[in-house]
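Peer 1: no sequence on this one, just coordinates:
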């Protein structure tokens, strides 16, 4: 019986603590960027609407940009600009 040579890419690799922490940090950073419009607009009169738009349509690039611009525009409206 002949043994097959298995490429290293098919071998199971055990993740180290550093890899796990890197994945957690990347996920936290991605979540923070995703929720950025809600954070910016959290003290605005229409904060709930901005947060809802961000949560429901933020996964689309257009929805995220609209929520971000709405949060920034609401800030500019309060300063009188």
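Peer 2: Now that the structure is in, tell me what you want to look at. As the structure is a prediction and not an experimental result, all values here were calculated from the model. Numbering: from 1, shown residues only.

Peer 1: pretty sure residue 50 contacts residue 44?
Peer 2: Yes. Here residue 50 reaches residue 44: they are 6.6 Å apart, a contact under CB atoms under 8 Å. In short, each C-beta sits where N, CA and C put it, glycine included.

Peer 1: neighbour count: these two, which is higher?
Peer 2: residue 50 (23 against 19; other CB atoms under 10 Å).

Peer 1: distance of that one from residue 25?
Peer 2: Counting by CB to CB, to the nearest Å, the gap from residue 50 to residue 25 is 26 Å.

Peer 1: for residue 38, what are its contacts?
Peer 2: Going by CB atoms under 8 Å, 6 or more residues apart in numbering, residue 38 touches 47, 50, 51, 54, 55, 67, 71.

Peer 1: of these, grab the buried ones for PyMOL.
Peer 2: To isolate the buried members of the contacts of residue 38 in PyMOL, using 16 or more other CB atoms under 10 Å:
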select buried, resi 50+51+54+67+71
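
Peer 1: distance to residue 2 added to the contacts of residue 38, as TSV?
Peer 2: Output for the contacts of residue 38, formatted as TSV (distance: CB to CB, whole Å):
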residue	distance to residue 2
47	68
50	65
51	62
54	58
55	57
67	60
71	65
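
Peer 1: so the closest residue to residue 53 other than its chain neighbours, which of the three states?
Peer 2: With sequence-adjacent residues excluded and distances taken as CB to CB, 6 or more residues apart in numbering, residue 53 is closest to residue 67, at 4.6 Å. For residue 67, the assignment made with DSSP: H, G, I helix; E, B strand; the rest coil gives helix.
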